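Colleague: sequence first, predicted model second:
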Amino acid sequence: MFAGDIHLTVDCFESLWTLCIPGINAVGYDKDFNKAKSEMKEHLALLWGEYVDCDESDLGEAGQLLRELLLKSFEVVKW
């Protein structure tokens, strides 16, 4: 169970799929839906590595806010 809802926007315009997690701005684009989804997951992993798996003292104010948003959005709640 997740601590909160994660909203994903999905759009297809002129055969180009766009997937995005607003706020975090993890985005994937491709003409193939599954490739766009994989690209978005890769972008999310990159953001996690840069803002969560790092020394928090290296982050500026915006980086700390994004770190907190990532941690809150993907926190797993144990029963």
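Modeller: Received the coordinates, thanks. If you're wondering where the values come from, they're calculated on a predicted model, not measured in any experiment.

Colleague: what does the longest helix seen in the chain contact?
Modeller: The longest helix of the chain (DSSP state H) is helix 33-51. By Cβ atoms under 8 Å, 6 or more residues apart in numbering, the surrounding residues in contact with helix 33-51 are 12, 17-21, 24, 26-30, 59, 63, 66-67, 70, 74. Bear in mind the C-beta positions are built from the backbone N, C-alpha and C, glycine included.

Colleague: strands of this structure, residue ranges please.
Modeller: Using DSSP state E, the strands found in the chain span residues 9-13, 16-21, 26-30.

Colleague: with mean pLDDT and mean neighbour count as extra columns, can I get the ones you listed in a markdown table?
Modeller: Shown next, in a markdown table, are the strands of the chain (pLDDT from 0 to 100; neighbours: other Cβ atoms under 10 Å):
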| stretch | mean pLDDT | mean neighbour count |
| --- | --- | --- |
| strand 9-13 | 95 | 11 |
| strand 16-21 | 96 | 18 |
| strand 26-30 | 95 | 18 |
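
Colleague: got CSV for those strands, with distance to D53 too?
Modeller: Compiled in CSV, the strands of the chain are given as follows (distance: least, Cβ to Cβ, whole Å):
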stretch, distance to D53
strand 9-13, 26
strand 16-21, 18
strand 26-30, 15
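
Colleague: buried stuff in the lowest-mean-pLDDT helix or strand in the chain?
Modeller: Taking mean pLDDT, DSSP states H and E as the measure, the helix or strand of the chain with the lowest value is helix 61-73, at a mean of 91. Buried positions in helix 61-73, judged by neighbour count with 16 or more other Cβ atoms under 10 Å: L66, R67, L69, L70, S73.
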